[in-house]
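Sequence first, then the predicted structure, then my questions.
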Amino acid sequence: MYCGIDLAVKRKTAVATLIGNEVKIAELSTNEEIIETCKNAKVVAIDSPLSHSTGFRNVDKEMIKKGLKVLPPSFMKELVERAIQLSKVLNKVIETHPTSSMKIIKMNWRELHEVKDYVDAAVCAMVAMAYELGYAEEIRADDGTIYLLSEKFPYRLEKKSYYEFYLKGPK
């Protein structure tokens, strides 16, 4: 099982669980709910910086050099703190940026669902799987690592129902 978290602070958090090729989305409010949902995941990919900074981190600057748009952790201090707290409790937690992954694999979230948070969570779960299978692109600097989907990832996301997606592959 893999878990993808589109972390939020002022609204519910979209959490995707990926088991086999089935992706299920849940809207959760508390850290306890997120931990309970993701506690058995091999890898958890979270859409949030996993370190504080007063401006852009060096890893963020590497993303920007690649034409990917990110915000500095200082713009989202509460979110970053929540992500750090979760990373201390859950199994292997990696930082990701689903919008950048979608740009790399040329995925338009609007073609999959009307709720971007659901697609973001599903993409985060895909990144967790890609990380373990060796298909994740790694953006690394001295102050962090961000994992993204690689163009070589052999699956694509398709909508099954309002709260479910599935992975179809290989391409």
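Looks like it came in fine.

ok, the most centrally placed residue in the chain - contacts?
Among the residues of the chain, Cys124 comes closest to the average C-alpha position under C-alpha atoms, centre = their mean, at 2.7 Å. Contacts for Cys124 (C-beta atoms under 8 Å, 6 or more residues apart in numbering) come out as Cys3, Gly4, Ile5, Asp6, Ala16, Ala45, Ile46, Asp47, Thr96, Pro98. Heads up, the C-betas are built off the backbone N, CA and C, glycines and all.

make it 10 Å
Counting by C-beta atoms under 10 Å, 6 or more residues apart in numbering, Cys124 touches 2-7, 14-16, 18, 44-48, 94-98, 101, 147, 149.

go on, Gly134?
Ser150, Lys152, Phe153.

Buried by neighbour count, from the residues you listed: which ones?
Buried members of these, counted by 16 or more other C-beta atoms under 10 Å: Ser150, Phe153.

Pipe the contacts of Gly134 into TSV and attach pLDDT per row.
Listed next are these as TSV, based on pLDDT from 0 to 100:
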residue	pLDDT
Ser150	95
Lys152	93
Phe153	94
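
residue at max distance from the center of the chain?
Outermost residue of the chain with respect to the C-alpha centroid, by C-alpha atoms, centre = their mean, is Thr54; its distance is 22.7 Å.

Check the secondary structure at it for me.
coil (DSSP: H, G, I helix; E, B strand; the rest coil).

for Ala128, what are its contacts?
1-5, 16, 18, 38, 41-46, 92-94, 96, 136, 147.

Could I get the contacting residues of the closest residue to Leu50 other than its chain neighbours?
Excluding its sequence neighbours, the residue lying closest to Leu50 (C-beta to C-beta, 6 or more residues apart in numbering) is Glu95, at 4.6 Å. Glu95 makes contact with 45-51, 59, 83, 87, 124, 127, 139, 144-147 under the criterion C-beta under 10 Å, 6+ apart.

can we see that at 8 Å?
Shown in contact with Glu95 (C-beta under 8 Å, 6+ apart): Ala45, Ile46, Ser48, Pro49, Leu50, Ala83, Gly144, Thr145, Ile146, Tyr147.

just Trp109 next, same as before
Counted by C-beta under 8 Å, 6+ apart, Trp109 has contacts Met102, Lys116, Val119, Asp120.

what about it, distance to Val93?
Per C-beta to C-beta, to the nearest Å, Trp109 is found 23 Å from Val93.

which is the next helix or strand following the top helix by length along the chain?
The helix that spans the most residues within the chain, counting by DSSP state H, is helix 116-133. Per DSSP states H and E, the first helix or strand lying C-terminal to helix 116-133 is strand 136-141.
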